[in-house]
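>>> Kindly generate the corresponding structure for this input.
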Amino acid sequence: MAGVLRYTGIGEVALFFVALASLAGLAWAISFSTEALGERIGPAATGVLQATLGNIPEISVVLFALAAGETVVAKTSLLGALFSNALLILGIAIVVGSWRARDGVMRFQARLPNDTATLLLLAIFIIVLLGLSDQVDDGAGRHAAEISAIGAVLLLGVYAVWVWSYLRAGSAAHKAPPVKEGALSARVSIGLILAAGLAATFVSEWLVHAIDPAVEALGISRAFTGLVIVAIAGNAVENAVAVTSAWKGKHDLALSVVNNAVSQTAVVVFPMLVLLSFFFTERLTFVLDPVYSVALVLTALSVWQMTGDGEAVAFEGYALIALFTILGALTWYA
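Coordinates of the predicted model:
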């Protein structure tokens with residue numbers, strides 16, 4: 001339906017909502033495929049793989065937005081992916097997981113939340129410093145593109161070192177249970193995830209095409225569109241997998257999916273898109289509005305504070321959801 005609306009040119013506002021629903025619908029296929037894969041390769045490897053493939057729609061949205069000159073949407077959709085996972089989805093997963101736990105406490109391994117906070121702070125370091133340089137208009141601020149490229153390469157290198165040690169530790173700790181009768185094979189599971197990711201790439205282009213008509217018709221800001229609407233739909237995969245895993249008591253898998261999505265957005269997707277933007281007229285840099293830089297710092301501290309001890313209760317999840325709602329309200333009036 002989204003494809004028909006896109007190429008017939010009728011109902012472009014309707015296309016915006018149908019494309020959003022399509023992105024969310026593709027999450028269903030990836031959700032049960034990821035769960036089946038997790039039984040075979042463990043939560044650590046599954047979280048990394050799922051976050052990597054789940055970022056396909058997000059990368060597609062940003063590239064199409066840059067090609068269309070929608071720099072605000074490109075940046076805010078990236079930030080929205082980070083904020084929605086670290087605050088909204090993590091918050092919902094904690095609420096669901098703790099509610100389902102017998103003693104009301106969601107328990108998981110503490111390493112990944114702490115590592116996620118470290119990686120997030122690493123990305124924030126360059127974002128804050130470059131943002132300050134841009135605000136005071138010093139020499140470094142006038143070379144934001146070059147500094148962003150250097151920082152992007154370093155962030156990707158640090159992530160490569162981290163993910164290697166993380167996967168090795170996760171592989172050593174995982175003991176595969178007996179395969180259930182009728183369960184999806186690893187090959188089929190990965191195939192379904194790839195097919196849904198490819199379909200999401202097309203839907204992302206259709207969504208970006210419909211942004212202008214939707215923004216004008218609905219009277220919403222581009223910042224709210226990118227940070228809230230597009231980000232939530234583009235990360236529907238992580239949303240579905242994390243929440244359903246928490247519901248089923250698979251707390252390590254739920255945290256693995258969410259935290260890997262956060263860390264990959266900060267130190268893989270953002271840096272990679274910074275480098276790819278050199279092929280576009282509109283350059284993507286690490287320079288952000290000061291309010292978003294501060295929000296990133298507070299997000300990293302919140303993730304560490306509420307999950308760094310390997311336990312979480314419902315009110316902490318509600319607190320994370322409240323933080324995202326406040327941020328959404330701010331962009332609504334931006």
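>>> Could you list the low-pLDDT ranges of the stretch 1-150 of the chain?
For the stretch 1-150 of the chain, applying pLDDT under 70 flags the ranges 27-28, 30-32, 34-35, 38-44, 47, 50-51, 53-54, 57.
>>> Helices of that one, start to end?
Taking DSSP state H, counting those that start in this stretch to define them, one finds helices in the stretch 1-150 of the chain at 2-8, 12-41, 43-54, 56-67, 71-83, 90-100, 111-136, 144-173.
>>> Quick check: buried residues in the first one?
Going back to what we said before, that points to helix 2-8. Applying a neighbour-count criterion of 16 or more other C-beta atoms under 10 Å, the buried positions in helix 2-8 are Ala2, Leu5, Arg6. For every residue, glycine as well, the C-beta is placed using N, CA and C.
>>> Repeat that for stretch 270-277.
For stretch 270-277, the neighbour count (16+ other C-beta under 10 Å) marks Phe270, Pro271, Met272, Leu273, Val274, Ser277 as buried.
>>> could you measure the first one against Gly151, distance?
Here Phe270 is placed at a distance of 10 Å from Gly151 (C-beta to C-beta, to the nearest Å).
>>> between the two, what contacts are shared?
Counting by C-beta atoms under 8 Å, 6 or more residues apart in numbering, the residues touching both Phe270 and Gly151 are Phe286.
>>> Let me see the contact set for the nearest residue to Leu207 once chain neighbours are set aside.
Sequence neighbours aside, Ala19 is the residue nearest to Leu207 in space, at 3.9 Å (criterion: C-beta to C-beta, 6 or more residues apart in numbering). Neighbouring residues of Ala19 by C-beta under 8 Å, 6+ apart: Ala2, Arg6, Val203, Ser204, Trp206, Leu207, Ala210, Ala233.
>>> go again using 10 Å as the cut-off
1-3, 5-6, 202-211, 214, 230, 233 (C-beta atoms under 10 Å, 6 or more residues apart in numbering).
>>> go on, Ser263?
Applying C-beta under 10 Å, 6+ apart, we find Ser263 in contact with 47-48, 51, 82, 85-86, 112, 115-120, 122-123, 159, 162-163, 166, 269.
>>> Go ahead and build a PyMOL selection from the buried members of those.
Written as a PyMOL command, the selection of buried residues from these, which uses 16+ other C-beta under 10 Å, is:
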select buried, resi 47+48+51+82+85+86+112+115+116+117+119+120+122+123+159+162+163+166+269
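>>> At which residues are the strands of the stretch 201-334 of the chain located?
Taking DSSP state E, counting those that start in this stretch as the criterion, the stretch 201-334 of the chain contains strands spanning 311-313.
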